[in-house]
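Participant: Kindly return the folded structure for what I paste below:
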Amino acid sequence: MIAWPNDRMQELKRQADMIELPQQSRMRHVRQLASVCGLVLVLGLGACGGRPTLGGDANLTVMPAGDLPLPTQQDFQKDTTPYYVGPFDRLIIDVYGMEELSKREIQVDASGRISFPLVGLLQVNGKTPVEIEQEMAARLRQAYFRDPQVTVNLKEVLSRVVTVDGEVKKPGLYPLIGRLSLMGAVARAEGTTEFSRLDDVVVFRTVGGRRYAALYNLEAIRHGTYGDPEIYADDVVMVGFSESRRFFKDMSALASPLVIALDRIAR
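Facilitator: Residues are numbered from 1 along each chain as shown. Sure, this is the predicted structure:
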């Protein structure tokens, strides 16, 4: 059992006296819960106190709360990564002034091609919507259209996705449009659960036919210990399960009034 200072044990006993339990039962629950809290602290879960240090990332400047600078207009101009269309993506194509060629929903086939009136078959795999617009406009000019205005928009993304699995609230496949960080990927899955192990988050990535894996600590990223890594298409993010968090949850369920009392003490 973890040895707690006498003053803390006396405070726990005083809180337990407020709960209608037999004397022996009260002290047994105090010692059990104090032992669990000490175990949690040893495991670094911080459920009974303690807070990670903010900072450590070389690209991060830690400021006092009142001195945090305001963002400028340039900060809102995000550096977005262009999206490259792939197989099974759904597109909405409009040709300005041509009702019969507008609001057409077209799905890219398995080989990365689409078919469009007066354009024919067009290979779109690996091209941006702007590049597709330009190629379609060129072909329409060849079909004697004068200055055709073509717009290509993404309706549904199926080719470039990120898999988020493990101890998150909503595991699944999520489309990747623009830039996405590890914290952003977890947020897409509606965040971690109460049993997530934040220091056991693995990102799997395949490069050149070889599979790689890297281990990350979400708690460290949240406190700026190191940067929030970028996530790319076809990455798999796995959030680990914490048995110690589950154990603490089960123990607190046995003596929920004492858990509330300990929480008040910690505050």
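
Participant: For Thr225, give me its contacts.
Facilitator: Applying C-beta atoms under 8 Å, 6 or more residues apart in numbering to Thr225 gives the contacts Pro52, Thr53, Gly55, Gly56, Asp57, Asn217. Quick note: C-beta positions are derived from backbone N, CA and C, even for glycine.

Participant: so Met183 makes contact with Ala220?
Facilitator: No: Met183 lies out of contact with Ala220 (C-beta atoms under 8 Å); the separation is 11.3 Å.

Participant: related to what we said a few turns ago, let's have the contacts of Thr225 in a markdown table, adding distance to Ser196.
Facilitator: Putting the contacts of Thr225 into a markdown table (distance: C-beta to C-beta, whole Å) gives the following:
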| residue | distance to Ser196 |
| --- | --- |
| Pro52 | 16 |
| Thr53 | 21 |
| Gly55 | 23 |
| Gly56 | 22 |
| Asp57 | 22 |
| Asn217 | 12 |
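
Participant: with those residues in mind, which one is nearest to Arg146?
Facilitator: Asp57 (55.3 Å; C-beta to C-beta).

Participant: any idea how far the closest one lies from Ala214?
Facilitator: 16 Å (C-beta to C-beta, to the nearest Å).

Participant: Pull the most distant pair out of the contacts of Thr225.
Facilitator: So, the contacts of Thr225 by C-beta to C-beta: farthest apart are Gly55 and Asn217, at 14.6 Å.

Participant: These two: who's more crowded?
Facilitator: Per other C-beta atoms under 10 Å, whichever of Gly55 and Asn217 has more neighbours is Asn217, with 16 against 13.

Participant: Which one of Asp57 and Ala214 is surrounded by more residues?
Facilitator: More neighbours surround Asp57 than the other of Asp57 and Ala214, with 15 against 11 (other C-beta under 10 Å).

Participant: list residues touching both of Met183 and Ala220?
Facilitator: Counting by C-beta under 8 Å, 6+ apart, Met183 and Ala220 have no common neighbour.

Participant: for the longest strand along the chain, what is the average pLDDT?
Facilitator: In the chain, assigned by DSSP state E, the strand with the most residues is strand 196-207. Mean pLDDT, strand 196-207: 93.

Participant: who's in contact with it?
Facilitator: Residues outside strand 196-207 that contact it (C-beta under 8 Å, 6+ apart) are 44, 166-168, 182, 186, 192, 211-220, 229, 231-232, 234-242, 245.

Participant: Mind checking which of the residues you listed are in strands?
Facilitator: Per DSSP E, those map to strands at 166, 211-216, 236-241.

Participant: In JSON lines, list those residues along with pLDDT.
Facilitator: Shown next, in JSON lines, are the ones in strands among the contacts of strand 196-207 (pLDDT from 0 to 100):
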{"residue": "Gly166", "pLDDT": "95"}
{"residue": "Arg211", "pLDDT": "90"}
{"residue": "Tyr212", "pLDDT": "93"}
{"residue": "Ala213", "pLDDT": "92"}
{"residue": "Ala214", "pLDDT": "92"}
{"residue": "Leu215", "pLDDT": "94"}
{"residue": "Tyr216", "pLDDT": "94"}
{"residue": "Val236", "pLDDT": "95"}
{"residue": "Val237", "pLDDT": "96"}
{"residue": "Met238", "pLDDT": "95"}
{"residue": "Val239", "pLDDT": "96"}
{"residue": "Gly240", "pLDDT": "94"}
{"residue": "Phe241", "pLDDT": "91"}
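
Participant: For those, pick the one with the most neighbours.
Facilitator: Neighbour counts for the ones in strands among the contacts of strand 196-207 (other C-beta under 10 Å) peak at Val239, which has 26 neighbours.
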